[in-house]
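> What would the 3D arrangement of this be:
(one chain, ligands or ions: 1)
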Amino acid sequence: MEMPDKGTSWDDLAPEMIRRGSGDAKWREGKTAVYVFNAGEDVARVQKEAYTMYMSENGLGPAAFPSLKQMEEEVIQMGLGLLHGPDSADGAITSGGTDSITMAVKAARDYARNDLGKTGQLNIVAPYSAHPAFDKAAIMMDLELRRIPVGTDLLADCDAMTAAIDNDTMMLVGSAPNFPYGLIDPITQLGQIAEEKNVWLHVDACVGGYIAPFVRMNGVDVPDFDFSVAGVLSMSADLHKYGFCAKGASTVLFRDAELKKHMIFDCKDWPGGRMITPTLAGTRPGGAISAAWAVMNFLGVQGYKNKHQQVTDARAAIEVGVKKLGFKILGTPLLGIVAFEHPDLDVFAIYKQMYDRGWFTSLCSQPKALHLMLSPFHKTVTDVYLADLSDSIEQVKSGDKSAVKESRYS
Ligand SMILES: Cc1ncc(COP(=O)(O)O)c(C=O)c1O
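As a prediction, the model looks like this:
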């Protein structure tokens with residue numbers, strides 16, 4: 001498309017944009033269990049209003065916008081408080097999980113080189129289930145990523161990971177939880193290995209950092225996964241996932257402010273004056289910072305406990321329902337992700353049937369399983385999901401794979 005010669009009024013553009021979204025995944029109806037976290041209208045309103053209030057401000061300029069600096073610091077303190085960061089801990093807001101992971105890898109690399117004197121081809125040892133953001137970071141920084149098969153319990157295999165560590169290993173990775181199975185790796189054991197081998201342990205809690213603490217407060221026995229484990233030197237925890245903040249916001253956290261220094265970029269050798277940035281971004285959207293600050297203060301501990309109870313209630317209801325339909329849950333998920341395989345049926349065919357009924361969810365490929373990343377809103381649609389799943393199974397069993405025209409829930 002060429003840029004139009006004359007502009008179009010917003011009154012005409014807005015309906016056109018709404019029309020374009022009509023073919024998108026139906027997340028507002030609760031039929032999407034990936035990409036979007038629907039915590040309800042109350043949170044959405046705070047996200048939007050707080051985002052637009054600081055939409056034009058730029059986190060690149062803390063001297064110009066001390067408001068954003070203060071909000072970022074407070075968000076980081078709240079995150080560290082939830083994740084047992086010691087007094088020496090520090091962190092920064094990034095644009096998302098991939099960004100947080102990339103920055104933690106960058107800091108660990110520079111720490112390995114500068115503080116530990118490692119000069120070889122550095123490598124990262126991660127479980128096979130770790131997020132591809134580690135591959136991306138490794139590619140960008142010319143590092144080797146060693147993906148180690150998970151155990152039969154689908155968790156990081158500590159013995160195999162130990163065996164993969166050598167003198168050039170700069171980082172060990174565990175997830176809390178991983179995305180494919182929603183399971184928390186044995187972080188305590190990984191922490192012991194990290195300390196013994198003097199290797200940096202990063203816990204990727206992108207999808208768990210802002211739910212696990214509240215699920216624990218709600219009475220679930222969540223294993224240690226954060227800075228309470230001594231070997232954990234950095235964590236990634238996404239605000240825009242289970243923190244229910246507006247998109248474009250994650251936290252990268254370090255056990256010690258000295259470790260964080262390895263992340264900071266500082267350049268004065270150009271004509272534009274000294275430029276210091278904590279993360280990869282130059283311009284940092286003020287709205288993402290302000291919306292994160294506002295949502296965290298809007299919900300508070302009680303609000304998060306409440307929303308996350310809805311998430312785990314939804315997961316529990318789904319687990320009961322899918323087991324009745326013959327599925328087997330992968331491991332014992334404690335948080336918002338659940339994946340389930342079927343001993344007899346092709347879950348990809350079932351997925352297609354669900355898709356035809358308007359559901360947009362994920363799949364796990366090893367083993368083949370249906371995958372849901374649940375939001376508070378899903379608590380209201382678990383019956384619909386299970387009914388559609390039951391119908392989908394019947395359709396697959398009957399060999400009829402044709403698309404269903406009408407959804408039960410629309
Ligand atoms: C465990 C885990 N780590 C990292 C990421 C990457 O986060 P983002 O998509 O915000 O870059 C995700 C995304 O789903 C994730 O589930």
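
> Every contact and neighbour count from this point should use C-alpha atoms.
Noted.

> Contacts only, for Leu190.
158, 172, 174, 201, 231 (C-alpha atoms under 8 Å, 6 or more residues apart in numbering).

> Could you dump those into JSON lines with distance to the ligand, secondary structure and pLDDT added?
Below are these laid out as JSON lines (distance: C-alpha to the nearest ligand atom, whole Å; DSSP: H, G, I helix; E, B strand; the rest coil; pLDDT from 0 to 100):
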{"residue": "Cys158", "distance to the ligand": "18", "secondary structure": "helix", "pLDDT": "98"}
{"residue": "Leu172", "distance to the ligand": "15", "secondary structure": "strand", "pLDDT": "98"}
{"residue": "Gly174", "distance to the ligand": "10", "secondary structure": "strand", "pLDDT": "98"}
{"residue": "Leu201", "distance to the ligand": "15", "secondary structure": "strand", "pLDDT": "99"}
{"residue": "Gly231", "distance to the ligand": "19", "secondary structure": "coil", "pLDDT": "97"}
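
> ok, those vs Tyr128, which is closest?
Gly174 (10.1 Å; C-alpha to C-alpha).

> Excluding residues flanking it in the chain, which one is nearest that closest one?
Among residues not flanking Gly174 along the chain, Val203 sits closest, at 5.0 Å (C-alpha to C-alpha, 6 or more residues apart in numbering).

> Could you list everything that neighbour pairs with in the sheet?
For Val203, the beta-bridge partners are Gly174, Met235 (DSSP bridges).

> Was I right to think it contacts Gly231?
No: applying C-alpha atoms under 8 Å, one finds Val203 not in contact with Gly231, separated by 10.0 Å.

> which of these two has more neighbours?
Val203 (31 against 25; other C-alpha atoms under 10 Å).

> Identify the residues contacting that one.
173-176, 187, 225-226, 232, 234-236.

> do that again at 7 Å, thanks
Residues near Val203 by C-alpha atoms under 7 Å, 6 or more residues apart in numbering: 173-176, 232, 234-236.

> ok, the residue lying closest to Ser228 once chain neighbours are set aside - how many residues close by?
Leaving aside its chain neighbours, Ser228 sits nearest to His84 (5.6 Å; criterion: C-alpha to C-alpha, 6+ apart). Other residues near His84 come to 16 when the count uses other C-alpha under 10 Å.

> I'd guess His84 is in a helix, am I close?
No: going by DSSP: H, G, I helix; E, B strand; the rest coil, the assignment for His84 is coil, not a helix.

> Is it in contact with Val229, as I believe?
No: His84 is beyond contact range of Val229, at 9.0 Å (criterion: C-alpha atoms under 7 Å).

> which residues make contact with the helix or strand in which Arg45 is found from outside it?
In this assignment (DSSP states H and E), Arg45 forms part of helix 41-53. Contact partners of helix 41-53, identified using C-alpha under 7 Å, 6+ apart, comprise 245-246, 287-288, 290-291, 294-295.

> JSON lines for those residues, including distance to the ligand and pLDDT?
What follows is those, written out as JSON lines (distance: C-alpha to the nearest ligand atom, whole Å; pLDDT from 0 to 100):
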{"residue": "Cys245", "distance to the ligand": "12", "pLDDT": "98"}
{"residue": "Ala246", "distance to the ligand": "11", "pLDDT": "97"}
{"residue": "Gly287", "distance to the ligand": "16", "pLDDT": "98"}
{"residue": "Ala288", "distance to the ligand": "13", "pLDDT": "98"}
{"residue": "Ser290", "distance to the ligand": "18", "pLDDT": "98"}
{"residue": "Ala291", "distance to the ligand": "16", "pLDDT": "98"}
{"residue": "Ala294", "distance to the ligand": "19", "pLDDT": "98"}
{"residue": "Val295", "distance to the ligand": "17", "pLDDT": "98"}
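
> Can you flag which of those residues belong to helices?
In helices, defined here by DSSP state H, the members of the contacts of helix 41-53 are 287-288, 290-291, 294-295.

> rewinding a little: relative to Val199, how far out is the residue nearest to Ser228?
Distance of His84 to Val199, computed by C-alpha to C-alpha, to the nearest Å: 20 Å.

> Check Leu386 too.
In terms of C-alpha to C-alpha, Leu386 sits 45 Å off from Val199.

> Also Lys136?
21 Å.

> More neighbours: which of those two?
Taking neighbours as other C-alpha under 10 Å, Lys136 and Val199 compare with Val199 leading, 26 against 16.
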